[in-house]
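> next input, structure requested:
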Amino acid sequence: MSLTRRTAEAETAKTAEEEAAEADEAWRAGVGRAVVLLLLVAFGALIPLFGPRVALDGTGEAAAPGAGGIALLRAVLLAALCVPAGELFVAWLARRVPGAPREAPRGWAPWAAGAGFVAALGLASVVATGNLVPDSPADLDVGGLYETRDGKLALLEVNAFAAAGLLALSRRPATQALPLAAIVVAEALRVHPTTEYSPLVGTGLTLVHLTCAALWAGGLLHVLRVLRTRAWRTAEGAGARAGAALLGLYARVAAVLLAAITATGVWSTLRRMPPGTVLDQLTETAYGRVLLAKVLLVAAVAALALRARLQLRRATEQTEQTEQTEPTEPTEPLDACAPARAEVAVLGVVVTVSALLTALPVPIRW
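Numbers count the residues shown, from 1 in each chain. Presented below is the predicted three-dimensional model:
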């Protein structure tokens, strides 16, 4: 009896030690991920802050006052749009995966809405001073925001982020899709003023481009977060199969999103840079240089996405063979997450470069 008791106590102590070791390992991994995330955020902030100076060097163009700060605010605003849009998108995809676990990570949408609200307020303050960086609160003409088109759009974005944050905390977080759509429409209208040639065409292109980009970037980020939850990352059983199915479903939709982003991006470029001047403006104007950098980054993202897709297909085929032959070491179909994490990092850089584009002078139609 005592021997049995001592054996049970030894097994209990061993289990406790294993749990403590796993908790310590998880804590270290969490700290490591936090450090990497902070480094990536710091690196991403450098792009909009110093990007205008680098892009304008030698072009003879002049940047607007405070272009670096405005680009940084726009980067925060775009990232704050991608996060909740991706969460809603992936939640919709997960409901279409047979046998998918109901477990989901805690949403970042309220925090993203708060960051977007602050960024939108900062951009509205710039509009309130006549598109100049305010030196003091006395320079702000808040009432004047209601009298101009840009002011009304800036106020719409501020109110939309506030509404999205409140709805994200409600019992029906899916309703935040409405204010998020309002933000996309406001951004599309802001980029294309009424004095532009065929502004409605440009607005429609930006609307599709920004919507697809937000779903692509935000969706991949949330897919990886979902697959890290305990139920989804189970090495065996329905959890692994559902995880592979979710990643595969996202990959198929992402291919369509990438096609739409490419088509609308090329069309928008040709509207601002006629075909005969594209090559020259890509190297001789600040807008063209940053656009070229964005194209190269998107190509890198597409290559990483293709690699993840091929790796997922191979892992899925190996899993099917594993279930038939029952070898001793089962394969993990979610190994495709490795290139997908790199894809998320590069997509973050794409978002900051896209924000930098909005702070640079639009190229002249030669």
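> in the protein, which helix or strand is least confident?
Least confident helix or strand of the chain, by mean pLDDT, DSSP states H and E, is helix 2-56 with a mean of 65.
> flag every buried residue along the next helix or strand after that one.
Going down the chain from helix 2-56, the next helix or strand is helix 67-94, by DSSP states H and E. Within helix 67-94, the residues scored as buried using 16 or more other Cβ atoms under 10 Å are 67-90, 93-94. All C-beta atoms are positioned from the backbone trio N, CA, C, and that covers glycine.
> what's the helix or strand harbouring Cys212 packed up against?
If you go by DSSP H and E, Cys212 is part of helix 199-227. Judged by 3 or more Cβ pairs under 8 Å, 6 or more residues apart in numbering; DSSP states H and E, helix 199-227 is in contact with helix 67-94, helix 177-191, helix 238-272, helix 337-358.
> could you point out which element follows the third one?
Read it as helix 238-272. helix 278-284.
> can you get me a residue count around the residue nearest to Tyr250 when sequence neighbours are not counted?
Distance criterion Cβ to Cβ, 6 or more residues apart in numbering; nearest residue to Tyr250, sequence neighbours excluded, is Val223 at 5.1 Å. A count of neighbours around Val223, defined by other Cβ atoms under 10 Å, yields 26.
> likewise for Ala263?
Per other Cβ under 10 Å, the neighbour tally for Ala263 reads 14.
> now do it, the pLDDT please.
With respect to pLDDT, Ala263 scores 95.
> against Val126, how distant is it?
32 Å (Cβ to Cβ, to the nearest Å).
> what's the answer for Ala138, then?
15 Å.
> between the two, who's got more neighbours?
Val126 (21 against 7).
> give me the three-state assignment for the nearest residue to Leu246 once chain neighbours are set aside.
Counting by Cβ to Cβ, 6+ apart, Val97 is the residue found nearest to Leu246 once chain neighbours are left out, at 5.1 Å. Classification of Val97 by DSSP: H, G, I helix; E, B strand; the rest coil places it in coil.
> ok, now which ones touch Val97?
Residues counted as contacts of Val97 (Cβ atoms under 8 Å, 6 or more residues apart in numbering) are Ala242, Ala245, Leu246, Leu249.
> tell me if I'm right that the last one and Arg95 touch.
No: in this structure Leu249 lies outside contact range of Arg95 using Cβ atoms under 8 Å: 10.8 Å.
> ok, these two, which is more surrounded?
Leu249 (16 against 9).
> name the nearest residue to that one, ignoring sequence neighbours.
Leu93 (5.4 Å).
> before we move on, back to that, from the contacts of Val97, which is closest to Val278?
Closest approach to Val278 among the contacts of Val97 (Cβ to Cβ): Leu249, at 36.0 Å.
> how far away is the closest one from Tyr197?
40 Å.
> about what we covered before: quick check: phi and psi on the residue nearest to Leu246?
phi -100, psi 120 (degrees, to the nearest 10).
> helix, strand or coil for Ala100?
Three-state assignment for Ala100 (three-state DSSP): coil.
> now for it: which residues touch it?
Ala94, Ala242, Ala245, Leu246.
> now do 7 Å
Ala94, Ala242, Leu246 (Cβ atoms under 7 Å, 6 or more residues apart in numbering).
> and which of these is nearest Gly51?
Distance ranking of those against Gly51, using Cβ to Cβ, places Leu246 first at 35.1 Å.
> hmm, Val223 and that closest one touching each other?
Yes: look at Leu246 against Val223 with Cβ atoms under 7 Å: they come within range, at 6.5 Å.
> from Gly68, how far out is Ala115?
Separation of Ala115 from Gly68 (Cβ to Cβ): 18 Å.
> oops, could you answer that again for Gly151 instead?
Remark: distance between Gly151 and Gly68 (Cβ to Cβ) = 23 Å.
> count the neighbours of Val142 for me.
Val142 has 12 nearby residues by other Cβ under 10 Å.
> and stretch 96-105, how far apart are its ends?
18 Å (Cα to Cα, to the nearest Å).
> from the chain's centre, how far out does it sit?
A distance of 22 Å separates the centroid of the chain from that of stretch 96-105, by Cα atoms, centre = their mean, to the nearest Å.
> again with stretch 353-365
Distance, centroid of stretch 353-365 to centroid of chain: 20 Å (Cα atoms, centre = their mean).
> mean confidence score for it?
82.
> how about Val126, what does it touch?
Ile70, Leu132, Val133.
> can I get these in a markdown table including distance to Asn159?
Formatted as a markdown table, the contacts of Val126 follow (distance: Cβ to Cβ, whole Å):
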| residue | distance to Asn159 |
| --- | --- |
| Ile70 | 20 |
| Leu132 | 23 |
| Val133 | 23 |
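> nearest to Ala104, of the residues you listed?
Ile70 (35.1 Å).
> so that closest one touches Leu356, yeah?
No: counting by Cβ under 7 Å, Ile70 sits too far from Leu356 to count as a contact (9.7 Å).
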